[in-house]
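Asks: 3D model of this:
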Amino acid sequence: MKESDLKELEALPRSSTCRLISFDNAEVVPGIVSNTFILVVSGVKPWLTMKVELVPLIYIRQPEYWGIEVIGCQSGIGLPAQAPYHVSLDISHLRGTVGIEVIGATLKKQIKVP
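Replies: Numbering: from 1, shown residues only. So this is what the prediction gives:
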């Protein structure tokens, strides 16, 4: 990916159904295979029917901390009742030179990963 590709992506219209949401806990646990790592994030989502995902940011060069956003998407009929969520992502190939940074609506957390 080139920088011009990234600028073209950023120029596209933003979604109206997805937002950064808050998280309460984020931790990295080792995977079953050596040198693999899983990011596990949990919190409370504002809508029962909201789908929560961990979405890595796009970089041209490897950063110190690879940013991973906690995104909540709501589609269709929504139930505005809070509910707990737990999501995970294999970050074995999404590590910065030092680790990762989990990015939520109200908090950012840097985690060192070997």
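Asks: All the strands of the chain, in order from the start?
Replies: With strands called from DSSP state E, the chain shows them at 18-20, 25-30, 37-45, 51-56, 65-73, 83-90, 99-103, 108-112.
Asks: isn't Ala105 right up against Leu20?
Replies: Yes. Counting by C-beta atoms under 8 Å, Leu20 is a contact partner of Ala105 at 4.4 Å. C-beta: built from backbone N, CA, C; applies to glycine.
Asks: between the two, what contacts are shared?
Replies: Val70 (C-beta atoms under 8 Å, 6 or more residues apart in numbering).
Asks: residue furthest from the geometric center of this structure?
Replies: Ile77 (24.1 Å; C-alpha atoms, centre = their mean).
Asks: State the distance from it to Asn35.
Replies: In this view, Ile77 and Asn35 are 44 Å apart by C-beta to C-beta, to the nearest Å.
Asks: what does Glu27 give?
Replies: 18 Å.
Asks: Compare neighbour counts for those two and give me the winner.
Replies: A count of neighbours by other C-beta atoms under 10 Å puts Glu27 above the other of Glu27 and Asn35, at 12 against 8.
Asks: Run through the bridge partners of the closest residue to that one other than its chain neighbours.
Replies: Residue nearest to Glu27 in three dimensions, not counting chain neighbours: Val40, with 5.6 Å by C-beta to C-beta, 6 or more residues apart in numbering. For Val40, the beta-bridge partners are Glu27, Ser88 (DSSP bridges).
Asks: How many residues are close by Val40?
Replies: Val40 has 14 nearby residues by other C-beta under 10 Å.
Asks: cool, and the one 10 residues further on?
Replies: Counted with other C-beta under 10 Å, the burial measure for Met50 works out to 22 neighbours.
Asks: again, but for Tyr65
Replies: What Tyr65 shows, counting by other C-beta under 10 Å, is a neighbour count of 20.
Asks: What residues does it make contact with?
Replies: Tyr65 touches Gly96, Val98, Gly99, Ile100, Glu101, Gln110, counting by C-beta under 8 Å, 6+ apart.
Asks: In terms of pLDDT, where does it sit?
Replies: pLDDT recorded at Tyr65 is 98.
Asks: Which residue comes closest to it once chain neighbours are left out?
Replies: Nearest to Tyr65 is Glu101, by C-beta to C-beta, 6+ apart, at 4.0 Å.
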